[in-house]
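Peer 1: I would like the atomic coordinates for the input below:
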Amino acid sequence: MAAFPRGTTPTLKFTLPFEAKQLTSVYITFAQSYREVLTKHGAEITAEGNQLIVELSQDDTLLFRPQSVDIQIRAIDAAGNAIASKIITADVSKILRDGVIE
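Peer 2: Got it, this is the predicted structure:
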């Protein structure tokens, strides 16, 4: 996964080995230092083909410290099975001017 700076609005795309629409419930969790920082769920996640797409806001990325962030997808499929991805790591880089910009 690519790096992104704090205070930006990245669109993250996760490729699955099957059609994403097979999932009935999806959670994408971001953690740093083994603590949950942010979780996206439901309408915050778009399923297109075999991809899950989540857009992060400036407020979202400002929650992260400038270090690596662990990301994991957990979901329920149409058969009711609970599944979890491997943990993915992305680097969050620092910014000079903190806060949301307009």
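
Peer 1: what separation do you get for R35 and G80?
Peer 2: 29 Å (Cβ to Cβ, to the nearest Å). Just so you know, the C-beta spots here come from the backbone N, C-alpha and C atoms, and that holds for glycine as well.

Peer 1: V69 now?
Peer 2: Spatial separation of V69 from G80 under the definition Cβ to Cβ is 30 Å.

Peer 1: between the two, which one's more packed in?
Peer 2: More neighbours sit around V69 than around the other of V69 and G80, counting by other Cβ atoms under 10 Å; the figures are 23 against 7.

Peer 1: are we agreed that the more buried one is in a strand?
Peer 2: Yes: when classified by DSSP: H, G, I helix; E, B strand; the rest coil, V69 is found to be part of a strand.

Peer 1: thought it was touching S93?
Peer 2: No: contact between V69 and S93 fails when scored by Cβ atoms under 8 Å: they sit 10.9 Å apart.

Peer 1: tell me which element the residue most central in space within the chain is part of?
Peer 2: In the chain, the residue lying closest to the centroid (Cα atoms, centre = their mean) is I28, at 4.9 Å. In this structure, I28 is located in strand 23-32 according to DSSP states H and E.
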